[in-house]
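S.K.: return a 3D structure for these sequence lines:
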Amino acid sequence: MKLFIYVLCIHLGSFCFVSAQPVKPGSLKASGDSSLGSIGPKIFSGKVKYSTFSVGVNAGITSPFIAIGGTNATTNWKPALGYGLSLREKLAHAFSFQMDFNEGKVEGNDANSASGFKYNARGFSTTFYSGAISGLVNVGGVDFIHRKEAVNFYLSAGAGLALYNHSYIDAGGISRIFTNKNGSVHIVAGQFYPVGGIAKFRLSDAVAFNTGYTMNFFDNYNFDDLQTYPHKNHYSYGYGGLEYTFGTKSKPNLDWVNAAALMYDELYDAAIRKDIKALNSRIKNIEATVNPLKKDTDGDGVADQFDKCPNTPAGAVVDGAGCPVLFLKPNVVKKEIKAAPLVVAYSNILFEFDSSVLKTSSYPVLDVTSADLRANPGKTVYLDGYASADEIKQKTGVSDGYASTDKGNDEHSLKLAGDRALAVKNYLINEGVYGWTVYMHSFGAIHPVGDNSPEGSKLNRRVELKTGKYHFYVRVKVVFSNASTGINNPKDLDNEVSQLITNPQLKIFVIGHTAEESAGISTKTDLTPSQNRVNEVVRYLKSKGIKEDRIIREVFAVKRAKTDKDRKDDENVELFIF
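M.R.: Residues are numbered from 1 along each chain as shown. Predicted coordinates for the structure are as follows:
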């Protein structure tokens, strides 16, 4: 914040100095002076008439703090040197592209902290080399006080890549350098996004003095320190420097061209004034010819020259020829208006034979369903996909590898039912429903709601939508092997079992979680511990009289920060009643 205040003071002081400079005699011409038309390029003459490419150098102070606040890697910052080179191409008076190449250090420590360290370090020093491309927008490019611009203000934003390495003082007060295994200095590449402001002060048409302040936001956690997760890093750079614009004297610097002055000059150009005078004369001649054609004596809106029915009564409705229009009284035909069918949220979604493509007739139901889920964040929806018996296929020796059968379930019908549930899920997510509130299950051709007739099969090719709310969260004993786990809180289960017994229409969704770093396998996640915990909960539910067809199981691996607390939180089983 202090660095931002310093740069702001420099900007204000420079602006006041430039604004206070007197206008040189003769720099403003009299309004009637026709020689103004010969001053420089004319408006809309194109970028080629101006000098647009410039090179700048700058130097200043870096800080790990930024003006808008936020979480910093340290409690105290040390001023450090930064410097750079810029290349800028002006695409228009109000916009330009700039490439920046910077080098320097960013330093900070925790001298102001009560504990003396933060993020397991007492301080750091980062050396960086960066390159970025930014867009600059001129926010003060028209001056109605001075003929030629004296100061311009820009806002900038862009993206870049930085290479950096750093040393740090650990919690024990020992200075260390972040190195590779072979002892060489470890170089890190990180993407960052510079956002800032620049004030340019004209020293001459080709030379400008620049002051600026840039906040650089990194997309990682190790620029300011070894690791600041979950807070991403940033640093600021306040600087001053010179910029030189290349070009000939015949081409003015586009930075300092005042559009208002150009328009003013062209207005009094002798040739333009002559053309305007001739144009005014032509307009008067045309008006003298057109005015008689516009005469409308009876006021019916049709000119006398085209009016075939003159002296029409006032207020009469006439046609294009000026004659009254006769209106016949229309016969009123009463039509029976049918009420639009009621769209009910969470209705079944039906599909064509052997297809998982949503029908357009399903869109209204899915629209009202997604609206209800967005309005009630606590709700979850369960998508049960089904297939009809005539969609069951069994591998045979035929050319396509499958033959239809009406016996049992198979891989094809299960996949088809799952694809149908996935199509519904994708539609809901595209409508703004959170993906983690949508659960899918494929049942294949079991649990039909219709018979095997053509009409009954249409009803069986469906996805059922059921909604529920999060009820309770059951934790199990944390283990790090494939052995079964014991339930720590069976009383919580008993409370929910009583709800299931009281409401036989409800089902229970049992979800087992395993912390990925606890799986014991580095190349993939072992879900066996999670499955064992789910099985233990299911056995307990069955022992209380809950039937298997009311229980849905699922297991997941959870990626989180590898801390003891997060690892403990991930070793659990979640239950949802719906």
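
S.K.: tally of neighbours for the closest residue to residue 432 other than its chain neighbours?
M.R.: Once flanking residues are discounted, residue 432 sits nearest to residue 374: 5.4 Å by Cβ to Cβ, 6 or more residues apart in numbering. C-beta here means a position set from N, CA and C on the backbone, and glycine is covered the same way. Residue 374 has 15 neighbouring residues, counting by other Cβ atoms under 10 Å.

S.K.: next, residue 374: secondary structure please.
M.R.: Of the three states, residue 374 takes helix under DSSP: H, G, I helix; E, B strand; the rest coil.

S.K.: so who does it touch?
M.R.: Going by Cβ atoms under 8 Å, 6 or more residues apart in numbering, residue 374 touches 431-433.

S.K.: these into JSON lines, with extra columns for neighbour count, pLDDT and secondary structure?
M.R.: Below are those laid out as JSON lines (neighbours: other Cβ atoms under 10 Å; pLDDT from 0 to 100; DSSP: H, G, I helix; E, B strand; the rest coil):
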{"residue": "431", "neighbour count": "15", "pLDDT": "91", "secondary structure": "coil"}
{"residue": "432", "neighbour count": "10", "pLDDT": "87", "secondary structure": "coil"}
{"residue": "433", "neighbour count": "22", "pLDDT": "87", "secondary structure": "coil"}
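
S.K.: ok, those vs residue 216, which is closest?
M.R.: For those, the residue nearest residue 216 by Cβ to Cβ is residue 432; the value is 33.1 Å.

S.K.: is it true that the closest one touches residue 370?
M.R.: Yes - taking contacts as Cβ atoms under 8 Å, residue 432 lies within contact range of residue 370: 6.6 Å.

S.K.: about what we covered before: mind putting the contacts of residue 374 into a markdown table with distance to residue 127?
M.R.: Shown next, in a markdown table, are the contacts of residue 374 (distance: Cβ to Cβ, whole Å):
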| residue | distance to residue 127 |
| --- | --- |
| 431 | 49 |
| 432 | 45 |
| 433 | 47 |
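
S.K.: of those residues, which is the nearest to residue 392?
M.R.: So of the contacts of residue 374, ranked by how close each gets to residue 392 (Cβ to Cβ), first place is residue 433, at 31.3 Å.

S.K.: burial of the residue nearest to that closest one when sequence neighbours are not counted, as a residue count?
M.R.: Distance criterion Cβ to Cβ, 6+ apart; nearest residue to residue 433, sequence neighbours excluded, is residue 373 at 4.7 Å. Using other Cβ under 10 Å, residue 373 has 24 neighbouring residues.

S.K.: and residue 373, how far from residue 431?
M.R.: 9 Å (Cβ to Cβ, to the nearest Å).

S.K.: any stretches of the stretch 1-150 of the chain with poor pLDDT?
M.R.: Applying pLDDT under 70 to the stretch 1-150 of the chain picks out residues 1-45, 114-117, 141-147.

S.K.: strands along that one, start to end?
M.R.: Assigned by DSSP state E, counting those that start in this stretch, the stretch 1-150 of the chain shows strands spanning 53-63, 76-78, 80-90, 95-109, 121-138.

S.K.: give me the angle between the fourth one and strand 121-138.
M.R.: What that stands for is strand 95-109. Angle between the axes of strand 95-109 and strand 121-138 is 170 degrees (criterion: axes from the mean of the first three to the mean of the last three Cα atoms, to 10 degrees).

S.K.: can I get strand 95-109 in PDB? Just the C-alpha atoms.
M.R.: C-alpha atoms of strand 95-109 as PDB (Å, rounded to 0.1, in the frame of the first residue of the first chain):
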ATOM      1  CA  PHE A  95      -5.600   1.300 -27.600                       C
ATOM      2  CA  SER A  96      -2.100  -0.200 -28.000                       C
ATOM      3  CA  PHE A  97      -0.300  -3.500 -27.400                       C
ATOM      4  CA  GLN A  98       2.800  -3.600 -25.200                       C
ATOM      5  CA  MET A  99       5.400  -6.300 -24.600                       C
ATOM      6  CA  ASP A 100       7.300  -6.000 -21.200                       C
ATOM      7  CA  PHE A 101      10.500  -7.700 -20.200                       C
ATOM      8  CA  ASN A 102      11.400  -7.300 -16.500                       C
ATOM      9  CA  GLU A 103      14.000  -8.500 -14.100                       C
ATOM     10  CA  GLY A 104      14.400  -7.900 -10.400                       C
ATOM     11  CA  LYS A 105      13.800  -9.200  -6.900                       C
ATOM     12  CA  VAL A 106      10.900  -9.400  -4.500                       C
ATOM     13  CA  GLU A 107      11.600  -9.600  -0.800                       C
ATOM     14  CA  GLY A 108       9.700  -9.900   2.400                       C
ATOM     15  CA  ASN A 109       9.900 -11.100   6.000                       C
END
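
S.K.: what lines up beside it in the sheet?
M.R.: Using DSSP bridges, strand 95-109 pairs in its sheet with strand 76-78 (antiparallel), strand 80-90 (antiparallel), strand 121-138 (antiparallel).

S.K.: could I get those as a markdown table with mean neighbour count and distance to residue 493?
M.R.: A markdown table is the format used below for the strands paired with strand 95-109 (neighbours: other Cβ atoms under 10 Å; distance: least, Cβ to Cβ, whole Å):
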| stretch | mean neighbour count | distance to residue 493 |
| --- | --- | --- |
| strand 76-78 | 19 | 52 |
| strand 80-90 | 18 | 59 |
| strand 121-138 | 20 | 45 |
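
S.K.: can you add distance to residue 490 and give those strands back as JSON lines?
M.R.: Output for the strands paired with strand 95-109, formatted as JSON lines (distance: least, Cβ to Cβ, whole Å):
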{"stretch": "strand 76-78", "distance to residue 490": "52"}
{"stretch": "strand 80-90", "distance to residue 490": "60"}
{"stretch": "strand 121-138", "distance to residue 490": "45"}
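
S.K.: which among the ones you listed is found nearest to residue 468?
M.R.: Of all those, strand 121-138 comes closest under Cβ to Cβ, at 46.7 Å.

S.K.: check which element follows that closest one along the chain.
M.R.: Next along the chain after strand 121-138, taking DSSP states H and E as the criterion, comes strand 151-170.

S.K.: now the angle from that next one to strand 95-109?
M.R.: Our comparison of strand 151-170 with strand 95-109, counting by the same axes, to 10 degrees, yields an angle of 30 degrees.

S.K.: ranges for the helices of the protein?
M.R.: When secondary structure is read from DSSP state H, the chain shows helices at 2-19, 259-267, 270-293, 363-375, 411-430, 454-460, 490-502, 528-543, 564-570.

S.K.: and these as JSON lines, adding distance to residue 224?
M.R.: Shown next, in JSON lines, are those (distance: least, Cβ to Cβ, whole Å):
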{"stretch": "helix 2-19", "distance to residue 224": "15"}
{"stretch": "helix 259-267", "distance to residue 224": "43"}
{"stretch": "helix 270-293", "distance to residue 224": "60"}
{"stretch": "helix 363-375", "distance to residue 224": "38"}
{"stretch": "helix 411-430", "distance to residue 224": "36"}
{"stretch": "helix 454-460", "distance to residue 224": "60"}
{"stretch": "helix 490-502", "distance to residue 224": "44"}
{"stretch": "helix 528-543", "distance to residue 224": "37"}
{"stretch": "helix 564-570", "distance to residue 224": "23"}
